[in-house]
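# Build the 3D model from these lines:
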Amino acid sequence: MVKDSVTINIPFTNKSTEPSLCFQIVRVLHVKRKKLFLGLLGCLFICPILLYYFNVSVSNIQNVIPINEKLQKYYSDKQITITSKTTASSANYVQSDRQKAVVEAFRHAWKAYSKYAWGKDELRPLSKSYSTWFDLGLTIVDSLDTLWIMGLESEFETAKTFAVDKLNVLVNKDVNLFETSIRVLGGLEAACALSSDKRLCNQSVKLARALLPAFSSPSKVVPYSDVNPAKGTAHGPNFNGEYSSTAEVTSIQLEFREAARISGDDSLYKPALATINHVISLPKLVNLVPIFISCRSGKFSPSSRITLGARGDSYYEYLLKQWIQSGKKDDFFRKEFILSIQGVKDRLIAESYPSKLKFVGELFSSSTFSPKMDHLVCFFPGVLALAHYNGLTEYGYLELAEELTKTCYSMYTMNPTGLAGEITHYVTIDHPGTKDAYVKPQDSHSLLRPETLESLFYMYRITGDSMYQEWGWKIFQAFEKYARLNEGYCSLGTVLDVKNTAQSKMNKMESFFLAETLKYLFLLFDDSKTLLPLDEWVFNTEAHPLPIFK
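Below is the predicted model of the structure:
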């Protein structure tokens with residue numbers, strides 16, 4: 001499992017270099033000239049059938065372009081060379097004590113999942129049962145790269161065996177395009193890149209093809225939200241039928257581009273690229289996107305709000321990361337990112353009273369400001385820090401990232417449990433006796449989300465300031481105190497009352513707790529800052545590391 005240095009040359013089938021079936025048949029028949037006419041006549045009837053059978057297309061989603069044994073790279077500028085440590089089992093890598101504590105927490109969660117929910121999507125820890133969302137083994141596939149990174153070799157091999165032998169990516173069930181792309185497709189691709197196992201690569205390509213019918217919407221550029229991988233059918237959201245979430249349709253591009261690189265089939269990326277190009281071209285308020293977009297007309301919903309929280313968040317994240325993934329060659333993503341972040345600064349950034357904490361609010365009807373900030377928004381400081389790391393140093397991104405990371409951490413310290421609620425509201429007016437922020441009871445639940453820890457990881461990795469490690473350790477200790485069960489971990493119904501947390505425990509352990517939350521904690525406590533260097537890997541919005549094109 002230990003592979004400190006490996007070059008991945010993912011091959012693909014180049015059909016143009018091989019004789020067609022018809023040509024081969026004619027060549028054989030040519031040996032006996034007197035039967036040439038009959039042979040040619042047979043070709044006219046047989047070859048179309050054979051070509052149709054072997055054709056790989058979107059409509060025939062169960063056929064996958066194989067990764068053959070001939071080493072042929074897909075575009076010379078997309079060869080991936082990995083020279084860095086990608087796993088804690090690498091030679092000479094020493095885990096810190098805090099990393100060991102996170103690994104123990106992961107093992108605790110993994111053991112409970114394996115015991116009560118193996119092969120199912122997620123563990124229900126209180127009832128010691130499982131839940132099925134997409135029937136794609138979400139927790140296993142979502143955790144593959146975490147297992148690899150933490151050096152859990154035996155568990156990785158067991159999970160990999162499930163992913164290649166038991167996982168049916170052509171599930172006969174409607175699945176969400178976005179969630180399946182970032183969790184399952186991204187998880188398979190990351191595991192493929194980290195381990196160089198071609199079977200994982202093939203599974204990812206097979207799934208990518210099965211998701212393509214989602215792009216058969218009336219608009220042709222805004223995909224449907226849901227797709228059936230087995231049937232090749234797709235439809236819009238059940239709650240409205242027309243409007244997809246903007247973040248969802250613009251946060252699948254990293255994954256489909258990686259699928260194109262793995263397979264050598266650029267058609268896997270073109271539909272997703274057309275989507276982001278279309279969204280970028282639409283008129284917007286200071287380059288900020290409303291959170292709903294029509295899969296019929298291709299236009300934004302005129303009444304939807306603007307937010308960096310739910311349904312809007314990862315649009316901005318993927319503008320930057322697509323530029324990074326391309327090896328900084330696709331410069332229009334960088335330009336659009338800069339314009340969008342300026343829009344955020346101009347219209348969404350505000351300060352609380354009395355401590356002047358900077359936070360990111362929302363806009364209703366393009367003009368009404370709401371001082372509401374989802375915990376989901378706490379991905380944003382990390383994105384700003386990553387932009388600074390990649391050379392965008394003249395825009396004050398790192399300074400803003402420092403301010404917003406402080407605000408995100410305060411979402412934890414303001415509550416008696418030391419954990420953040422789902423949504424925080426800020427006070428912006430001079431009112432004696434008020435606090436800077438508060439959490440409404442209906443918003444006080446915690447799913448053990450990763451976003452603040454994600455930003456702490458980037459801030460420590462980029463600045464080297466150990467303060468961010470200390471903040472992360474305190475959050476981890478709060479998880480251990482309030483969310484850890486005898487078997488597994490659970491979400492919490494409220495973070496506001498330390499006395500009633502036992503009664504408010506929720507019967508759910510999200511797959512992203514293992515895929516993102518614990519992974520970012522493990523990487524945050526990497527004192528050497530050598531695992532998965534940011535100039536070789538870009539993390540998708542589910543924390544799956546994908547290789548940067550060189």
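# okay, now R296: neighbour count?
R296 has 14 neighbouring residues, counting by other C-beta atoms under 10 Å. Where you see a C-beta, it was placed from the backbone N, CA and C, and this is true even at glycine.
# Looks to me like it is in a strand.
No: using DSSP: H, G, I helix; E, B strand; the rest coil, the assignment for R296 is coil, not a strand.
# For F300, give me its contacts.
Residues in contact with F300 (C-beta atoms under 8 Å, 6 or more residues apart in numbering) are 246, 282, 284, 289-290, 292-294.
# and of those, the nearest to V427?
P290 (26.5 Å; C-beta to C-beta).
# Any idea what that closest one is bridged to?
I306 (DSSP bridges).
# how close does F522 sit to K206?
From F522 across to K206, the span is 30 Å (C-beta to C-beta, to the nearest Å).
# If you count surrounding residues, which of the two has more?
Counting neighbours by other C-beta under 10 Å for F522 and for K206 shows that F522 has the greater number, 27 against 21.
# Was I right to think that one contacts K100?
No: F522 is beyond contact range of K100, at 9.7 Å (criterion: C-beta atoms under 8 Å).
# so what's L376 up against?
308-310, 313, 449, 451.
# pLDDT value on it, please?
Here, the pLDDT recorded for L376 equals 98.
# Give the helix, strand or coil label for it.
On the three-state scheme (three-state DSSP), L376 is labelled helix.
# Nearest residue to it in space, please, no chain neighbours.
Counting by C-beta to C-beta, 6 or more residues apart in numbering, the nearest residue to L376 once its immediate chain neighbours are dropped is G309, at 4.8 Å.
# Could you check how far N92 is from S195?
20 Å.
# Would you mind telling me which of these two has more residues around it?
S195 (22 against 8).
# Does that one touch A163 like I think?
No: at 10.5 Å, S195 does not count as touching A163 under the criterion of C-beta under 8 Å.
# which residues in the stretch 251-400 of the chain form strands?
Using DSSP state E, counting those that start in this stretch, the strands of the stretch 251-400 of the chain run over 292-294, 349-351, 358-360, 362-364, 368-370, 372-374.
# a markdown table for those, including mean neighbour count?
Shown next, in a markdown table, are the strands of the stretch 251-400 of the chain (neighbours: other C-beta atoms under 10 Å):
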| stretch | mean neighbour count |
| --- | --- |
| strand 292-294 | 23 |
| strand 349-351 | 16 |
| strand 358-360 | 22 |
| strand 362-364 | 18 |
| strand 368-370 | 12 |
| strand 372-374 | 23 |
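# any chance of those in CSV, plus distance to S466?
Putting these into CSV (distance: least, C-beta to C-beta, whole Å) gives the following:
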stretch, distance to S466
strand 292-294, 42
strand 349-351, 27
strand 358-360, 23
strand 362-364, 33
strand 368-370, 35
strand 372-374, 26
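# which one of those strands lies closest to A112?
Short answer: strand 372-374, nearest of the strands of the stretch 251-400 of the chain by C-beta to C-beta, at 28.3 Å.
# contact partners of that closest one?
307-310, 313, 359-362, 407, 422-426.
# L384 versus the nearest residue to G343 once chain neighbours are set aside, what's the distance?
Closest residue to G343 apart from its sequence neighbours, by C-beta to C-beta, 6+ apart: V286 at 3.5 Å. According to C-beta to C-beta, V286 and L384 sit 17 Å apart.
# Who has more neighbours out of the two?
L384 (29 against 16).
# Tally up the residues packed near Y426, please.
Neighbour tally, Y426, other C-beta under 10 Å: 22.
# Mind listing residues that contact stretch 390-397?
Contacts of stretch 390-397 (C-beta under 8 Å, 6+ apart): 320, 323-324, 328, 334, 338, 341-342, 384-385, 387-388.
# Could you tell me the end-to-end distance of that stretch?
One end of stretch 390-397 sits 11 Å from the other (C-alpha to C-alpha, to the nearest Å).
# Please apply the same query to stretch 117-131.
Termini of stretch 117-131 sit 8 Å apart (C-alpha to C-alpha).
# So which bits of it are buried?
117-118, 120-125, 130 (16 or more other C-beta atoms under 10 Å).
# Please apply the same query to stretch 399-412.
Under 16+ other C-beta under 10 Å, the buried positions of stretch 399-412 are 400-412.
# Those in helices, which ones?
400-412 (DSSP state H).
# From these, pick the one nearest P547.
A401 (24.7 Å).
# Run through who's touching the host helix or strand of A109.
Using DSSP states H and E, the element containing A109 is helix 97-116. With C-beta under 8 Å, 6+ apart as the test, helix 97-116 has contacts from 88, 95, 122-125, 128-130, 139, 143, 146, 150, 152, 155, 469, 473, 476, 479-480, 484-485, 487-489, 509, 513-514, 518, 521-522, 525-526.
# again with stretch 214-225
Stretch 214-225 has contacts (C-beta under 8 Å, 6+ apart) with 176-178, 226-227, 234-237, 244-245, 248-249, 271-272, 274-275, 278-279, 293-298.
# Give me the PyMOL select line for those residues, limited to the buried ones.
To isolate the buried ones among the contacts of stretch 214-225 in PyMOL, judged by 16+ other C-beta under 10 Å, type:
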select buried, resi 176+177+178+226+227+234+236+237+244+245+248+249+271+272+275+278+279+293+294+295+298
